[in-house]
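Engineer: model this:
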Amino acid sequence: MAKTKGRSGSRSRKRTKAPDSERLAELYRRLVLVRTFEEQCQRSFRRGKVGGYLHLYTGQEAVAAGFLEAFRPGDRVITAYRDHAHALLMGCDPGAVMAELYGREGGLAGGKGGSMHLFDVDRGLWGGYGIVGGHIPLGVGFAYAMRYRQTEHICQLYLGDGAMQAGAFHEAANLAALWGQDGRCPVLFIVENNQYGMGTSVPRESAVTDLATKFDAYGIEHEKVDGMNLEEVVRCAGRVTEQVRESGRPYAVEAVTYRLAPHGAADFYERYRTKEEVEQWRERDPLTLLRDSLTDTGTVDDDAVEQIRDDARREVARAVEFADSSPEPPVERLYDGVYAETDENPDDGGGTAGD
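Structural biologist: Predicted structure coming up:
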């Protein structure tokens, strides 16, 4: 896919080495695991196992997988509510992820976050967030804080096309650009343009449908990438991540992708799009494209593909078993993590709320 011109072409582009065949085969295994996990999540939701709501990443797997190839320990990742794939790809245990969806004590957040609020700070995952656009200022703040502390880490900030219409996006992008002038905001905006903000298509939600160009208003360099092609995403991610890490300046990539699953688990009818449109995009399913590339080069054969699928099914089955066997959080833990613990005496010169 051609890169945007203007601002996006103002810097020289370094060539990034393409992933080798063995690495691509490993990434294919990860994509299959994510897809299999998401399919199970849908079944679990319909069986009443999942607490709260559920949003699947089906069709968008190549975006997170490609950019997380450039992740380094110490970097931070923050995303919206379609976050299962990010957690799995960052090494979170599938059982702990599934248990979180089930609202069980063995979940990533102790069963208190659910599908939309997966966290694993030790691995660099600083959350999925349920408020559309609400996490964008946090990601920009993370980037500023890391450079303020004189580290070389960056923040990968994932957002959807719908979130770009929120005021929080524009405020955060402006701050990122201002701080970035002095190399103090190494944030990589990753716009996952899956064509729909919930049930509203991009042309109906945004007067400017070339979403990457919205960053021009803030002087942030940008480009587009084919978000259905993992190999292209990996190459793009390696190059732009290196640039952000070295410069301390924000950068934006619009990954053009498609949500093959419904918006949410209860979105049965999908009256906002046609079956023909979905089928047309399904022909570019990122798993199919990568599988065909691997088989064409002889990296894997049909038997290996089937083995990868079987391995994913077994791993997801173990995750379900773990989630089912994990106890529900005891009621006395309801307020854990809500209030800060302090030794201060509120009556000892602490003032009152009216002061």
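Engineer: before we move on, which element is Phe37 in?
Structural biologist: helix 21-46 (DSSP states H and E).
Engineer: Of all the residues in that helix, which ones are buried?
Structural biologist: Neighbour counts over helix 21-46 (16 or more other Cβ atoms under 10 Å) mark 24-25, 27-42, 44-45 as buried. No exception for glycine: its C-beta is placed from N, CA and C like everyone else's.
Engineer: now swap in stretch 182-200 and tell me
Structural biologist: Quick answer for stretch 182-200 (16+ other Cβ under 10 Å): 184-197.
Engineer: Dump the residues you listed to CSV, plus secondary structure and pLDDT.
Structural biologist: Output for these, formatted as CSV (DSSP: H, G, I helix; E, B strand; the rest coil; pLDDT from 0 to 100):
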residue, secondary structure, pLDDT
Arg184, coil, 98
Cys185, coil, 98
Pro186, coil, 98
Val187, strand, 98
Leu188, strand, 98
Phe189, strand, 98
Ile190, strand, 98
Val191, strand, 98
Glu192, strand, 98
Asn193, strand, 97
Asn194, coil, 97
Gln195, coil, 96
Tyr196, strand, 96
Gly197, strand, 92
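Engineer: Count the residues that sit near Arg47.
Structural biologist: 8 (other Cβ atoms under 10 Å).
Engineer: what's it sitting at in phi/psi?
Structural biologist: The phi/psi pair for Arg47 (degrees, to the nearest 10) reads phi -90, psi 0.
Engineer: pLDDT below threshold where in the protein?
Structural biologist: Filtered on pLDDT under 70, the chain yields the residue ranges 1-18, 344-355.
Engineer: Please compute how far the helix holding Phe37 lies from its chain's middle.
Structural biologist: Taking Cα atoms, centre = their mean, to the nearest Å, one finds the center of helix 21-46 at 15 Å from the center of the full chain.
Engineer: From the contact counts, what lies against that helix?
Structural biologist: helix 61-68, helix 84-89, helix 94-101, helix 230-247, helix 286-296, helix 302-325 (3 or more Cβ pairs under 8 Å, 6 or more residues apart in numbering; DSSP states H and E).
Engineer: Next, the angle helix 302-325 makes with it.
Structural biologist: 40 degrees (axes from the mean of the first three to the mean of the last three Cα atoms, to 10 degrees).
Engineer: before we move on, the earlier item: I'd like the buried residues of stretch 182-200 laid out as a markdown table, including distance to Met164.
Structural biologist: Supplementary listing: these in a markdown table, determined by distance: Cβ to Cβ, whole Å:
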| residue | distance to Met164 |
| --- | --- |
| Arg184 | 23 |
| Cys185 | 18 |
| Pro186 | 20 |
| Val187 | 15 |
| Leu188 | 15 |
| Phe189 | 9 |
| Ile190 | 12 |
| Val191 | 7 |
| Glu192 | 11 |
| Asn193 | 9 |
| Asn194 | 12 |
| Gln195 | 13 |
| Tyr196 | 13 |
| Gly197 | 9 |
